[in-house]
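> Dropping a prediction and its sequence here:
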Amino acid sequence: MSKKKVCKSCKHFYEGSECTLCKSKDVSTSWQGRIAVINPEKSEIGKKIEIKEKGEYALKVR
């Protein structure tokens, strides 16, 4: 099983060659914690970690 890719800039999980949110190609497969944000406008955690788009994010990226 391959590890999920995470963008080092916005911490968004993605597939492919570049991040689908910020278009960065700075990728990591070393991360800790995962959060799924469905409604970023109403999510207190999403606001705290400055998430603007719904999706799956890593809490810590190395």
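Yep, that arrived.

> Please count neighbours and contacts with C-alpha atoms only from this point.
Will do.

> now the residue positioned nearest the centre of the chain: how far from residue 61?
The centre of the chain sits closest to residue 12, judged by CA atoms, centre = their mean, with a distance of 1.7 Å. Separation of residue 12 from residue 61 (CA to CA, to the nearest Å): 10 Å.

> can you check residue 49 too?
In terms of CA to CA, residue 49 sits 13 Å off from residue 61.

> Look at those two and report which has more neighbours.
residue 61 (19 against 10; other CA atoms under 10 Å).

> okay, that one: pLDDT?
Residue 61 carries a pLDDT value of 94.

> who does it bridge with?
Note on residue 61: beta-bridge partners by DSSP bridges are residue 31.

> Next, count neighbours for the residue lying closest to residue 30 once chain neighbours are set aside.
In space, and not counting its chain neighbours, residue 30 is closest to residue 62: 5.5 Å by CA to CA, 6 or more residues apart in numbering. Residues contacting residue 62 under the criterion other CA under 10 Å number 10.

> re the thing from before, quick check: neighbours shared by residue 12 and residue 61?
residue 6 (CA atoms under 8 Å, 6 or more residues apart in numbering).

> and residue 47, what does it touch?
Contacts for residue 47 (CA under 8 Å, 6+ apart) come out as 40-41.

> What residues sit buried inside the helix or strand it falls within?
If you go by DSSP states H and E, residue 47 is part of helix 44-48. Judged by neighbour count (16 or more other CA atoms under 10 Å), helix 44-48 contains these buried residues: residue 46.
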